[in-house]
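# Here you go, sequence then predicted model.
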Amino acid sequence: MQREAPNSALALQFVEEGWNDANPVPDRNAPSSAWFERKEKETRAQREWLRRWPDCWSLLSMLLMRISSQARMGALEHPAEGAALAEQALRVKTMSPDGGDFWPPIEALVARVYIAAKSHLDRVAELLNATLKNIDRQEKYRIAMDLVPEELRRRAEGRESASTARTVEEIRIDYLLAMGRATDARSLIEEAMARPSDPEFDRAAWLRRLANADAQQGREGEALANFQASLAGLTKSTLTLPQVQPMVSSARQ
C-alpha cells in the first residue's frame, strides 16, 4: 500500500493502526496526566499526517472538534493555527458535503474557532446564518420519532431546540466580546445567567464571558472575582497543565 497508493485512505488507516500499537492507551489506574500526554501526542501525530492527507475528513473532523472544544472553554492554544485548520475543514466539507455531519453544524464550530482566534470575524454572521439553515435541514431529514411515546418525544424535541438556541446564543455573545462590544454583550450574558439553569448550563463558561465584559469595561475587581469563580472546582494539578494555561491567562493578567 505504501508503494502503490501511499496517499490513500487505507494507507492512512495502516499508519494510524501502527501508531496506536506503538502508543497504547494508559492503564485505567494511570493518572490523568498520562491521558493528557497521550492525547497531546496523538494530536501532534494527526497534524503531521494532515500534511500528507490534507483533504482527509476523518483527520480534520477530529482536530476541529478538539480546537472547537478549546475555543468554547476559552483555552485555544494556537489561535492562528486553529483558524487555519478550521478554514481547511470548512473547505473540505464544502467539497464533500456527504462526508459526515456535526451537531451543531460545522459552520458553528468554525465560527467559534474564528472568534477565539480573533480571525475572519467578518465571516461570523455568514457562518451563523449557514448554521441555522443546516440545523433546519438536519431537523427535516432526521430519523422520525413517530413510534416514540409522546412525552419522551416532547422532551427530546425540547432538548434539541434548547441546544440549538444555546449554541447560537453563545457564539453571538462571544462575537460581541471579540468586537469589543462589552455593553451589548453584558446585557445578554446577565439575561442568560438569570434564566433557570438546565442540565447543560455551563456556569463556568458564562462567568468567563462576564469577566471578559468586566475587563473590557475597566471593572478590574469584578473581572478578577468572576475569573476566579470560573475556575472553582479545578484541582491545582489541573491548573498547572499546559492545555489549561490559555484559560487562566486572562485572570493572571
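Yes, it's here. Since we're looking at a predicted model, the values are computed, not measured.
# quick one: low-confidence ranges for the stretch 101-250 of the chain?
Across the stretch 101-250 of the chain, the ranges flagged by pLDDT under 70 are 101, 136, 138-143, 154-162, 164, 196-200.
# pLDDT (mean, whole number) over stretch 51-70?
Stretch 51-70 shows a mean pLDDT of 89 in the predicted model.
# Tell me the buried residues in it?
Along stretch 51-70, these residues count as buried under the neighbour rule (16 or more other Cβ atoms under 10 Å): 53, 56, 57, 59, 60, 61, 63, 64, 66, 67, 68, 70. For every residue, glycine as well, the C-beta is placed using N, CA and C.
# which residue is nearest the centroid of the chain?
Nearest to the mean C-alpha position of the chain, counting by Cα atoms, centre = their mean, stands residue 68 at 2.2 Å.
# nearest spatial neighbour of that residue, skipping sequence neighbours?
Once flanking residues are discounted, residue 68 sits nearest to residue 109: 4.1 Å by Cβ to Cβ, 6 or more residues apart in numbering.
# show me what contacts that neighbour?
Residues in contact with residue 109, defined by Cβ atoms under 8 Å, 6 or more residues apart in numbering, are 64, 65, 68, 86, 102.
# got a list of contacts for the helix or strand where the third one lies?
Read it as residue 68. According to DSSP states H and E, residue 68 maps onto helix 57-72. The set of residues that contact helix 57-72 without belonging to it, under Cβ under 8 Å, 6+ apart, is 12, 43, 46-47, 49-50, 53, 76-77, 82, 85-86, 88-89, 92-93, 96, 99-100, 102, 106, 109-110, 112-113, 115-117, 170, 205, 243, 246.
# Cross those against helices and list the overlap.
When those are checked against helices (DSSP state H), the matches are 12, 43, 46-47, 49-50, 82, 85-86, 88-89, 92-93, 106, 109-110, 112-113, 115-117, 170, 205, 246.
# What subset of these is buried?
Buried members of the ones in helices among the contacts of helix 57-72, scored by 16+ other Cβ under 10 Å, are 12, 46, 49-50, 82, 85-86, 88-89, 92-93, 106, 109-110, 112-113, 115-117, 170, 246.
# ok, residue 218 - how many residues close by?
Using other Cβ atoms under 10 Å, residue 218 has 9 other residues around it.
# for it, helix, strand, or coil?
Under DSSP: H, G, I helix; E, B strand; the rest coil, the three-state class of residue 218 is coil.
# From residue 178, how far out is residue 187?
17 Å (Cβ to Cβ, to the nearest Å).
# ok, the two, which is more surrounded?
For residue 187 versus residue 178, neighbours defined as other Cβ under 10 Å are more numerous around residue 178 (18 against 12).
# who's in contact with that one?
Applying Cβ under 8 Å, 6+ apart to residue 178 gives the contacts 115, 118, 121.
# how about the nearest residue to the second one, chain neighbours excluded?
If the residues on either side of it in the chain are set aside, residue 118 comes closest to residue 178, at 5.7 Å by Cβ to Cβ, 6+ apart.
# Repeat that for residue 106.
Nearest residue to residue 106, sequence neighbours excluded (Cβ to Cβ, 6+ apart): residue 93, at 5.2 Å.
# if I look at the one you found, how far off is residue 58?
12 Å.
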